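Engineer: Can you look at this prediction? I've put the sequence above it.
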Amino acid sequence: MLTKTQATRRFTFTMHAEAHLSASMCACAAWAAIEEHDKILDMACGQGALLARLNDQYRVTVCGLCDTPEQARIARERLGDADVVPGRMEDIPWRDGSFHIVLLSAPLRGEVTRILDETLRVMHAGGQFVLSVPLFHGRGEGELGKREIMRLMQEAGFEEVSFRTAGLAGVIIGWKQGEGKMGQ
């Protein structure tokens, strides 16, 4: 018989081995309310692993923001026609109301208020923001706790802000006011 710890490790390994996704990426994917033809932004896409998985599983348009031109090049090669650009989360280079879902599977740090404002700006009315947070290890320098992030999200204008768990990570979910997916 497996202990709870062994079962969790086995589940996590199986989940990650096939997809090459981190626990944070898996948590974001698990709680995103994805529908056919949604436009999705991954605000820390790296080389595009999460976007590739979503692109394979759903009929969606995927876009990514990453740290370096090299990451953007690799992600574009992996994703084909996806719009992946290097940039800062504080200055998202897409138009207002561009995305149905925005994902962030990396720690929220930096100019947090500006990042949250930019996230709301690029979301459709009724759009969803899914932000992963670690469950089991301490925070790194400059990382905020889940309660503080939730408070800042509410202050920024996100609605129905909630916390959920998925495997070894958790997510904070917030919705942009307006008609659409919120409340469904």
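Structural biologist: Structure received.
Engineer: which residue is nearest the centroid of the protein?
Structural biologist: residue 103 (2.0 Å; C-alpha atoms, centre = their mean).
Engineer: got a list of what that one touches?
Structural biologist: Taking C-beta atoms under 8 Å, 6 or more residues apart in numbering as the contact definition, residue 103 lies against 28, 29, 32, 40, 41, 42, 43, 50, 129, 130, 131. C-betas here are computed from N, CA, C, even on glycine.
Engineer: ok but it is inside a strand, no?
Structural biologist: Yes. Assignment of residue 103 by DSSP: H, G, I helix; E, B strand; the rest coil places it within a strand.
Engineer: if we can go back for a sec, closest one of the contacts of residue 103 to residue 76?
Structural biologist: Of all those, residue 76 sits closest to residue 42, with 13.1 Å by C-beta to C-beta.
Engineer: Quick check: bridge partners of the closest one?
Structural biologist: residue 64, residue 103 (DSSP bridges).
Engineer: Contacts only, for it.
Structural biologist: 48, 50, 51, 62, 63, 64, 65, 103, 104, 105.
Engineer: pLDDT added to those residues, as a markdown table?
Structural biologist: Below are these laid out as a markdown table (pLDDT from 0 to 100):
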| residue | pLDDT |
| --- | --- |
| 48 | 93 |
| 50 | 95 |
| 51 | 95 |
| 62 | 96 |
| 63 | 97 |
| 64 | 96 |
| 65 | 97 |
| 103 | 98 |
| 104 | 96 |
| 105 | 92 |
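Engineer: nearest to residue 155, of these?
Structural biologist: residue 104 (17.4 Å).
Engineer: For residue 26, give its distance to residue 94.
Structural biologist: To residue 94, residue 26 is 25 Å away according to C-beta to C-beta, to the nearest Å.
Engineer: and what of residue 44?
Structural biologist: Counting by C-beta to C-beta, the gap from residue 44 to residue 94 is 15 Å.
Engineer: Between those two, which has more neighbouring residues?
Structural biologist: Neighbours per residue (other C-beta atoms under 10 Å) separate residue 44 from residue 94, with residue 44 holding more: 20 against 17.
Engineer: Touching, the more buried one and residue 65? I think so.
Structural biologist: Yes. The pair residue 44 and residue 65 passes the contact test of C-beta atoms under 8 Å, sitting 7.0 Å apart.
Engineer: and residue 59, how many neighbours does it have?
Structural biologist: Neighbours of residue 59 using other C-beta under 10 Å come to 10.
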